[in-house]
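how does the following fold in three dimensions:
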Amino acid sequence: MDSVRPSPAPNRSRIAKTFQRVIHLKTATKSRSSPGFCLPIAQEKQRCCESRQFERENAEEAMEEYKIRAALEAFVAKLFASVSAVKAAYAELQVAQFPYNEEAVQSADQAVVDELKGLSELKRRFLKNQIDSSPPHVTLMLAEIQEQQSLMKTYEITMKKMQGEIENRESRISSLQQQLKDIIQNNKTLEKKLNASGSFSVLDNVKFSDSNPKDFILVLHYALRSVRNFVKFLIREMESANWDTEAAANAIHPDIRFINRDHKAFAFESFVCREIFAGFNDPNFSVQTNEQSLPKENHQRRIFFFEQFKKLRSVNLNHFLKQNPNSLFGKFLKSKYLHFVHPKMEFSFSGNLNQRKMVNSGEYPETEFFKSFAEMGRSVWLLHCFAFSFNHEVGIFQVKQNSRFSEVYMQSVTEDIFATAATGDLRVAFTVVPGFKLNQTVFQSQVYLFPATKS
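Coordinates of the predicted model:
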């Protein structure tokens, strides 16, 4: 027979812990709930209820914050729309004042006042915290539309104003262009009058003498002024014919570095002077003619040349050439033109060779180019005749390239070279205008200089 084992005694500590837990739960439930009887609630279920309550409170706060933010955004949008409307109204007011339009000014002024009142109302509502807009998204959309309309109106007014300024400037430019054309035409007319028939008042006081350097300088300056006028006319013709003037200047004097771009005109002046003064020391100016036409006796020859000087300085040039096509001057002009004006140059200027054919046949065209060339030829021929009317021989000289600059025999055509040269050693790039010698008097040549490089 099996022995009966006694059942184990209950664990007192475990029972005590369970009881204490129940007591604690009851106590906690009583403290949370109203007095009376209540059933114990599971802890997990209580936590779930508390979490849902917290979420509802957060959702309500978020919704309230969203409404406040939406109201503020709508208010700010209305504020910016009002500011844009004020700007547009003020722009209309400015346009109405220039030129002044009384009705437009009054209308624009009233619009500015109305928009400023709207801004003042927004300020009052902001200070009293009355910024609610219902519904906010509609207010925001309407404010954006209003702002865009005001901006478009401002842009349209600005465009009209700028268009008016452009039209005024174009009108001003057109007026100035017309004035420039009138001035150019007036200058051409004056130039024609100066080069036309009649006596040259500048040379009227020149008298026959043994040696008068002052008169020679007067005639020389007149000739050089005529040469420069032709050079300017020649450059304008080149530019009109789309010549590369820089390439043409480099062809005359290769490997010359011009200090200034405008100095290329000196290259053309150098070329013209070299061609037109060639043969100056010859009594016939290197023109093929009969030696019997010149007096052999020195005094008679001097008188002959001075009479030629007086006759040609006051005669109508076109009339003289037509009446005396075989004169010394006529042959001189023909020879110089055919040698100076290349056929390609003439063709590029006028599109044909009619002038060359006329000059070659003994006729003289009446074109502006030939007239300018003939006036230059006349002034140089006058200088030649006056030089040979002196008792002392007049000589012409050129300065060789790379020669050292001398203030006795040379004059620089540019003054800035003396400032740019670090050293005093200046060299001649080329002769622009030849120099002259009258007895013991030297008339300086005009040269284009460059600073000598240090070796």
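
the residue nearest to Thr158 when sequence neighbours are not counted: what's it in contact with?
Excluding the flanking residues, the one nearest Thr158 by Cβ to Cβ, 6 or more residues apart in numbering is Ala91, at 7.1 Å. Using the backbone N, CA and C atoms, a C-beta is placed for each residue, glycine as well. By Cβ atoms under 8 Å, 6 or more residues apart in numbering, Ala91 lies in contact with Lys153, Thr154, Ile157, Thr158.

and Ser226, by the same measure?
Applying Cβ under 8 Å, 6+ apart to Ser226 gives the contacts Glu375, Met376, Arg378, Ser379, Val380.

assumed Phe430 was part of a strand.
Yes - remark: Phe430 belongs to a strand, assigned using DSSP: H, G, I helix; E, B strand; the rest coil.

which parts of the host helix or strand of Phe332 are buried?
Using DSSP states H and E, Phe332 sits in helix 328-340. For helix 328-340, burial by neighbour count (16 or more other Cβ atoms under 10 Å) applies to Leu328, Phe329, Gly330, Lys331, Phe332, Leu333, Lys334, Ser335, Lys336, Tyr337, Phe340.

contact partners of the helix or strand following it?
Using DSSP H and E, the helix or strand that follows helix 328-340 in sequence is helix 343-350. Under the criterion Cβ under 8 Å, 6+ apart, residues Glu237, Ser240, Ala241, Trp243, Leu353, Gln355, Arg356, Thr367, Phe369 lie in contact with helix 343-350.

report the angle between helix 343-350 and helix 328-340.
Interaxial angle, helix 343-350 versus helix 328-340 (axes from the mean of the first three to the mean of the last three Cα atoms, to 10 degrees): 90 degrees.

got the CA positions of helix 343-350 in PDB?
Extracted in PDB, the C-alpha atoms of helix 343-350 (Å, rounded to 0.1, in the frame of the first residue of the first chain):
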ATOM      1  CA  PRO A 343      42.700 101.900-113.600                       C
ATOM      2  CA  LYS A 344      41.600  99.500-110.900                       C
ATOM      3  CA  MET A 345      41.200 102.400-108.400                       C
ATOM      4  CA  GLU A 346      39.100 104.500-110.900                       C
ATOM      5  CA  PHE A 347      36.900 101.500-111.800                       C
ATOM      6  CA  SER A 348      36.300 100.700-108.100                       C
ATOM      7  CA  PHE A 349      35.300 104.300-107.400                       C
ATOM      8  CA  SER A 350      33.100 105.000-110.500                       C
END
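
how far away from the center of its chain is that helix?
Counting by Cα atoms, centre = their mean, to the nearest Å, helix 343-350 is centred 32 Å from the centre of its parent chain.

I'd like the next helix or strand past it.
Counting by DSSP H and E, what follows helix 343-350 is helix 354-360.

so Lys437 is in which element?
strand 435-438.

please read the previous query as pertaining to Leu449.
Using DSSP H and E, Leu449 sits within strand 445-451.

who does that strand touch, helix- and strand-wise?
Counting contacts by 3 or more Cβ pairs under 8 Å, 6 or more residues apart in numbering; DSSP states H and E, strand 445-451 packs against strand 410-412, helix 417-420, strand 426-433.

turn the buried residues of helix 328-340 into CSV, including pLDDT and distance to Gln97.
Listed next are the buried residues of helix 328-340 as CSV, based on pLDDT from 0 to 100; distance: Cβ to Cβ, whole Å:
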residue, pLDDT, distance to Gln97
Leu328, 87, 75
Phe329, 90, 70
Gly330, 89, 72
Lys331, 89, 75
Phe332, 91, 71
Leu333, 91, 67
Lys334, 91, 71
Ser335, 91, 72
Lys336, 93, 67
Tyr337, 92, 66
Phe340, 90, 65
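
which of the helices and strands packed on strand 445-451 is buried the deepest?
Compared across the helices and strands packed on strand 445-451, strand 426-433 shows the largest average neighbour count, a mean of 22 (mean count of other Cβ atoms under 10 Å).

what helices or strands is it leaning on?
Counting contacts by 3+ Cβ pairs under 8 Å, 6+ apart, strand 426-433 packs against helix 264-276, strand 445-451.

as a whole number, average confidence for the longest one?
Per-residue pLDDT values across helix 264-276 average out to 93.

roughly how far is the helix or strand just after it from the heart of the chain?
Later in the chain than helix 264-276, the nearest helix or strand by DSSP H and E is helix 298-314. Taking Cα atoms, centre = their mean, one finds the center of helix 298-314 at 53 Å from the center of the full chain.
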